[in-house]
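Chemist: With the sequence up front, the predicted model follows.
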Amino acid sequence: MNETFKALSDPTRRQILRLLRQRDMTAGEIADHFSLTKPSISHHLNSLKQAKLVLDERQGQQIVYSLNTTVVQEVMGWFMEILGTKEKREDETHGRAEN
C-alpha cells in the first residue's frame, strides 16, 4: 500500500488517473494533456504501474493504459474503514457523554 500512496502523492499522477477514469489511453494521448516531455510521462506511468494503479496492454504497435479499478477500490475501502473506525469511536464517545 506504501507504493500506492507514494504514487498518489504526485498531482500529475492523480491527473493521469482522472484521465484514465474517462477512457483507456496510450502514453502519447496522455502526454497530449500535459506540458511535460514524453519521458517524464513515461516515468509517471511506470510509478503508477508499480503501484498497480494502472494496467498496460499491448495492442499492436501501441501500449494502452487503463485504470486498475480493483486496486482503487481496495484503497477506497481502506479509507472507508479508517473513517468508519473514527466515526464509531466518536459515536461511542458521544454516547457515553450523553448517558
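Modeler: Right, received. Where do you want to start? Numbers count the residues shown, from 1 in each chain.

Chemist: For this protein, just list every one of the helices.
Modeler: Using DSSP state H, the helices of the chain run over residues 2-8, 11-22, 27-31, 38-50, 69-98.

Chemist: Now tabulate the ones you listed in TSV and tack on mean pLDDT, distance to Arg58 and mean neighbour count.
Modeler: Yep, even glycine has a C-beta here, placed from its N, CA and C like the rest. Below are the helices of the chain laid out as TSV (pLDDT from 0 to 100; distance: least, C-beta to C-beta, whole Å; neighbours: other C-beta atoms under 10 Å):
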stretch	mean pLDDT	distance to Arg58	mean neighbour count
helix 2-8	88	22	14
helix 11-22	97	17	15
helix 27-31	96	12	17
helix 38-50	96	13	16
helix 69-98	75	20	11
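
Chemist: Which of these sits closest to Gln62?
Modeler: Evaluated with C-beta to C-beta, these place helix 27-31 nearest to Gln62, the distance being 8.1 Å.

Chemist: Quick one: list the elements packing against that closest one.
Modeler: helix 11-22, helix 38-50, strand 62-67 (3 or more C-beta pairs under 8 Å, 6 or more residues apart in numbering; DSSP states H and E).

Chemist: who's in contact with it?
Modeler: Applying C-beta atoms under 8 Å, 6 or more residues apart in numbering, the external contacts of helix 27-31 come out as Ile16, Leu19, Leu20, Lys38, Ile41, Ser42, Leu45, Ile63, Tyr65.

Chemist: Format the helices and strands packed on helix 27-31 as JSON lines; extra columns: distance to Ala31.
Modeler: Shown next, in JSON lines, are those (distance: least, C-beta to C-beta, whole Å):
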{"stretch": "helix 11-22", "distance to Ala31": "10"}
{"stretch": "helix 38-50", "distance to Ala31": "4"}
{"stretch": "strand 62-67", "distance to Ala31": "11"}
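
Chemist: Run a quick check on Gln62 versus Met25, I expect a contact.
Modeler: No. Using C-beta atoms under 8 Å, Gln62 makes no contact with Met25, being 10.0 Å away.

Chemist: picking up where we left off before, show me which pair in the contacts of helix 27-31 is furthest apart.
Modeler: Comparing all pairs in the contacts of helix 27-31 by C-beta to C-beta, the longest separation belongs to Leu20 and Lys38, at 16.8 Å.
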